[in-house]
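Asks: Give me a model of this one.
(2 chains)
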Amino acid sequence: MSEETSTDLGDLIEDSEPEAETSDVAPEPEPDPGVAVTINGRVHSARPGQLVIDACADAGAFVPHFCYHPRMSPVGMCRQCLVEVDGPRGPMMVVSCMTPVAEGQVVNTATPSVKRAQEGVLELLLANHPLDCPVCDKGGECPLQDQAFSHGPGESRYLEEKRHYEKPIPISDLVYLDRERCILCDRCTRFADEVAGDKLIHFISRGNDTQVMTFPDEPFASYFSGNTVQICPVGALTAKPYRFKARPWDLEQVESTCTTCSVGCRTVIQSSRDELLRYQGVDSEPVNWGWLCDRGRFGFESANSDQRLAVPLIQTDAGLEATSWSAAMSTATELFTEALNRSGPSGIAILGGARGTNEDAFAWARLADRLGVTRRDPQLADGLAAQILNRPRATIAEAAHAKTVILLGPDLKEELPVLFLRIRDAAEKRRSRILEFSPMETGMTRYAWRSERYEPGFAATAVRSSLADPEIASQIAAGDVVVVVGRQNLAESDAVTLAALDAIIAAAPAAKVLPVLRRGNVMGALQMGLAPRSAESEASQILHAAADGHIDLLVLLGADPLADCPDAELARRALAGARRVISVDTFLTSSTAHADLVLPAAAYGEKAGTTTNLEGRITPVTAKVTVHGTARPDWMVAVDLAARLDQDLGFNDLAGITAEIAATVEGCEELEALSAGRATGTGRDGILVSVVVPEISRASTEVTERISYDYRLVVSRKLYDNATNTQMAPSLAPLAPGPCITVNPMDLTRIGAEEGTQVKVIGARSATVLTLAASTAVPRGLAWVPFNQPGGAISEVIDLDTTVTDVRIERL
Amino acid sequence: MSRLNDANLAVAKETIARYPRVKSALIPVLHLAQEQDGYVSTEAMAHIAELMGLTPAEVYGTASFYEMFKFEPVGRYCINVCTNISCQLVGGWELLEHAEEALGIKAGSTTPDQMFTLEDVECIAACTEAPALQVNYRYRNKVTPAQFDAMITALRAGELVDEFPPHGTLSRIRQGLPENWADTGRTAQAEVDAR
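Replies: Presented below is the predicted three-dimensional model:
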């Protein structure tokens, strides 16, 4: 079992008061000096506008509560937080989560009358509660259970029959609801409304019959549903992947960072008997505010999959066969030596590295440096150009506080869900205006101040004409602009995105940029030295070179070009054209199946290190469980390989890598302290570094007008897709919506087919068959297809060398 | 069992347009759905959510707060017998028991011919007229078992239609709108003006 920092469950996860806004967070004016309140006889300086319950917590006086949650608006539903406040008419019982502090206020949280009042409320809350704690997942970490002991009367006078409901009922694919346990605190429904914007659960009925419920046959299919389970103060909401797997007192936990996407949410990883069992969100002020998306929360299931690679595999006449590490590493050494002898370092290419830690990327980059290998790219022609990544970068907090947020990227709700929550919060609280440029409607459109449509290829034109609009121009001229920019459309060249960003920057030169990157550690991999330095080192050119027979050895570091490269045909030709392929991965993927050698890699939760999020924020990831089988972290493979190739990397272990990064990579001087501090206190916020990536010029784009009977393709990602880590998580795999092609309903007649029928989608190079769907979210003349869905490959019709992709849609 | 029909859809849109905040039209539009089917169907709630830019759960949440919206088919006549204290003292319970026997159903259910739904209710603010009951929310006061039987006979015979309009139509009747109002294409205001 790995090292760990044990921390009290409740202390890390639940209800911890969000830290006061730190200086990098707060463009808002400095608050006035404190408000003097007397809490239990001691004078305390509270923040103006602070709620009494928070002031009490700051002063060390815990006030029991269930409905109050510091990240949501107070509602005073549970009445548990009653305290006594001296007023003009004498002491009065007030609900402390609904009462702001006032100068000279005298608050008492523990007088006999407060105690009696709190006991009374608890007795009522328990009147209908089934007290089935011994079989309840929440038992042991349950605020109701804990506070019944600490602030309850100990006995109930309620003798009548309790309320009965069917229990538990699934309200989504992931969440079960037990209405008997529910105390109607409004936390989950408030979360769905205020935080997620998915009002799919609601209080139904009235009085004694009130219950939380979905609409009939419309499940709580929110990408954020797992958060309701985490914030439920009783055992009413439980998550399917964790139900009856462990008791809280059996769990061990460490704090870590989620690497499912590039937001880098802080988490705790919890395990029991050396098996990952649960992730919970940790409240990190600059990043995730305690929330997680369901993909990040439940993705750990893939690490437990029995389909994980446990031993190295070597290609034989009979296919891939198991071998030993020493044999595998000897083969790897031979493959490298052979490739170097045949055509020198230019015959070797390294793709990937964005799914590992910074230490993994650094070790591989150092090995590549020593061997003279320059062909390396952590992105698979689906990412962003250095010109975008090198713009002055905004933090998430800056984006969430900006006057104007310009969205020039994919649907944040699908790609970076927790960033979606932060930006949505900014728009909903009316601090920020969102100006969205998108070919079609996104999850953010309804919160946008203005949402501008354009036809793929013409983003820059659309941006220029919109910015000429006086209203928009004056909004931009007010300054404080953050552009959230990413690849909106994988069937469109990244040069289009770059041109559109240039058009925005021309109008708002001071605008900062927040890049939308899908994979967890693209930024880190780039900074640690895996960034391509010339045009022929970019993924698209590596794939072309491989397809043309110029690559002797292709190394895939957790990369699956067949699934992830927008151009599947090129990827296929590249894998076939590369003389030898070594894959370092956690699973056998479509690409690794072609490899000559497959080395099993350690997964998230099994290895320590650091990761860098889209802001350039480095935070630690922590090992919690023993690696699966004989898997090794990527860095260890690089170090071993270097020794066998007689190369001195300057380090032999993880600590050595960390020290070397600290010594050589700009901005990483404090990395050792961060890694050693292991994510407590301020370590939670990590280190912000500026990542500078070599810029490679982009040819200017030429876009042809669409022929009127064609449809221009928009290809973008959904949260749940055919990604290995999603498909190997049994709870998440069924949530992938599957392949379909969506057009505007008015285009259905033109195609002559109805929704739900199979149609042929014909590109310039090849064709594929998809199910037809219709939605007004897609403008006329465009066709939207989700990328990389199980059972359908739109990447077959995308050609990386064209700027946009037009297809014909025909009835079968 | 259905979404709003074309005539009611037009009325719903006109109703929604009357309010500065879309959400304010929710209750009147729910009444419209109840008038169409005699109860508020799941499909109608989904349709209303679509029309008003709400989630179906929000519509259901609001609708289910109100006892007078029904989510399952009820009889043409919904009979509520008061069993609260004033009525109870002068025979409310006995009246309810009599009603159950006369209709052959327990309170809370509907006769097989879909004519009557019997419910017991808490105080309906007619204590001076106890024991009281309501038929489709219109009062009958100081009701004796014999009077109850006579009323049922009359209702079965198709009488008393003016006194007790069919369940779900009260909202329209109270506004004085004719039965075919939805089909006339006139706005509610125009109807009022015409009178």
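
Asks: alpha carbons only for contacts and neighbour counts from here, please
Replies: Fine.

Asks: where does A:Ala221 land in three-state SS?
Replies: When classified by DSSP: H, G, I helix; E, B strand; the rest coil, A:Ala221 comes out as coil.

Asks: and the residue nearest to the spatial centre of chain B, what is it in contact with?
Replies: Nearest to the centroid of the C-alpha atoms of chain B, with distances taken as Cα atoms, centre = their mean, sits B:Gly168, at 3.7 Å. Residues in contact with B:Gly168 (Cα atoms under 8 Å, 6 or more residues apart in numbering or on different chains) are B:31, B:34-39, B:136.

Asks: what does A:Ala783 give?
Replies: Contact partners of A:Ala783, counting by Cα under 8 Å, 6+ apart, are A:711-714, A:741-744.

Asks: go with 10 Å
Replies: Listed by Cα atoms under 10 Å, 6 or more residues apart in numbering or on different chains, the contact set of A:Ala783 reads A:440, A:710-715, A:740-744, A:747, A:772-774, A:806-809.

Asks: My reading is that it lies in a helix. Confirm?
Replies: No - assigned with three-state DSSP, A:Ala783 falls outside any helix and is strand.

Asks: Return the subset of the contacts of A:Ala783 lying in strands.
Replies: A:711-715, A:741-743, A:772-774, A:806-809 (DSSP state E).

Asks: Can you pull the poorly scored residue ranges out of chain B?
Replies: Applying pLDDT under 70 to the predicted model, the residue ranges of chain B that meet it are B:1, B:182, B:185-189, B:191-195.

Asks: Near chain A, which residues of it are found?
Replies: Neighbours of chain A within chain B, by Cα under 10 Å from any Cα of the partner chain: B:42-43, B:45-46, B:54-67.

Asks: ok, 6 Å please
Replies: Taking Cα under 6 Å from any Cα of the partner chain as the criterion, chain B approaches chain A at residues B:56-57, B:61, B:64-65.

Asks: Model confidence for A:Glu17, exactly?
Replies: In this model, A:Glu17 is scored at 44, pLDDT.

Asks: Likewise for the one 4 residues further on?
Replies: The predicted local distance difference test score for A:Glu21 is 40.

Asks: ditto for A:Ser675
Replies: A:Ser675 is assigned 84 on the pLDDT scale.

Asks: before we move on, back to that, any idea how far the residue nearest to the centre of chain B is from chain A?
Replies: Distance, B:Gly168 to chain A, using Cα to the nearest Cα, to the nearest Å: 19 Å.

Asks: how deep is the residue nearest to that residue when sequence neighbours are not counted tucked in, by neighbour count?
Replies: Ranked by Cα to Cα, 6 or more residues apart in numbering or on different chains and with sequence neighbours excluded, the top spatial neighbour of B:Gly168 is B:Glu35, at 4.3 Å. With neighbours defined by other Cα atoms under 10 Å in any protein chain shown, the count for B:Glu35 comes to 19.

Asks: quick one: B:Glu35 and B:Thr169 touch, right?
Replies: Yes - here B:Glu35 lies in contact with B:Thr169, judged by Cα atoms under 6 Å, at a distance of 4.9 Å.

Asks: Average pLDDT for the biggest helix by length in chain A, rounded please.
Replies: Within chain A, and with DSSP state H defining each element, the longest helix by residue count is helix A:325-343. Per-residue confidence for helix A:325-343 averages out to 97 on the pLDDT scale.

Asks: Return the distance of it from the chain's centre.
Replies: How far helix A:325-343 lies from its chain's middle: 37 Å, per Cα atoms, centre = their mean, to the nearest Å.

Asks: Show me what it is in contact with.
Replies: Defining contact as Cα atoms under 6 Å, 6 or more residues apart in numbering or on different chains, one finds that helix A:325-343 is touched by A:Asp552.

Asks: Check which element follows that helix along the chain.
Replies: For helix A:325-343, the following helix or strand on the C-terminal side (DSSP states H and E) is strand A:348-352.

Asks: So which residue is dead centre in chain A?
Replies: With distances taken as Cα atoms, centre = their mean, the residue of chain A nearest its centroid is A:Cys261 (4.1 Å).

Asks: Restricted to strands, list the residues of chain B next to chain A.
Replies: In strands, judged by DSSP E, none of the residues of chain B next to chain A are found.

Asks: Show me just the buried residues among the residues you listed.
Replies: Under a neighbour-count criterion of 16 or more other Cα atoms under 10 Å in any protein chain shown, the subset of the residues of chain B next to chain A counted as buried comprises B:56-57, B:61, B:64-65.

Asks: just the helices in the stretch 651-800 of chain A please.
Replies: Applying DSSP state H, counting those that start in this stretch to the stretch 651-800 of chain A gives helices spanning A:654-664, A:671-677, A:724-727, A:748-751.

Asks: I'd like the ones you listed written out as JSON lines, with distance to chain B added.
Replies: Shown next, in JSON lines, are the helices of the stretch 651-800 of chain A (distance: least, Cα to the nearest Cα, whole Å):
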{"stretch": "helix A:654-664", "distance to chain B": "50"}
{"stretch": "helix A:671-677", "distance to chain B": "45"}
{"stretch": "helix A:724-727", "distance to chain B": "28"}
{"stretch": "helix A:748-751", "distance to chain B": "22"}
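
Asks: just these: most buried one?
Replies: A comparison of the helices of the stretch 651-800 of chain A by mean neighbour count, using mean count of other Cα atoms under 10 Å in any protein chain shown, puts helix A:724-727 on top with a mean of 21.

Asks: Export that one to PDB, keeping only CA atoms.
Replies: Taking C-alpha atoms only, helix A:724-727 is exported to PDB below (Å, rounded to 0.1, in the frame of the first residue of the first chain):
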ATOM      1  CA  THR A 724     -11.100   3.800 -23.200                       C
ATOM      2  CA  ASN A 725     -11.500   5.200 -19.700                       C
ATOM      3  CA  THR A 726     -15.200   5.800 -20.200                       C
ATOM      4  CA  GLN A 727     -15.900   2.500 -21.900                       C
END
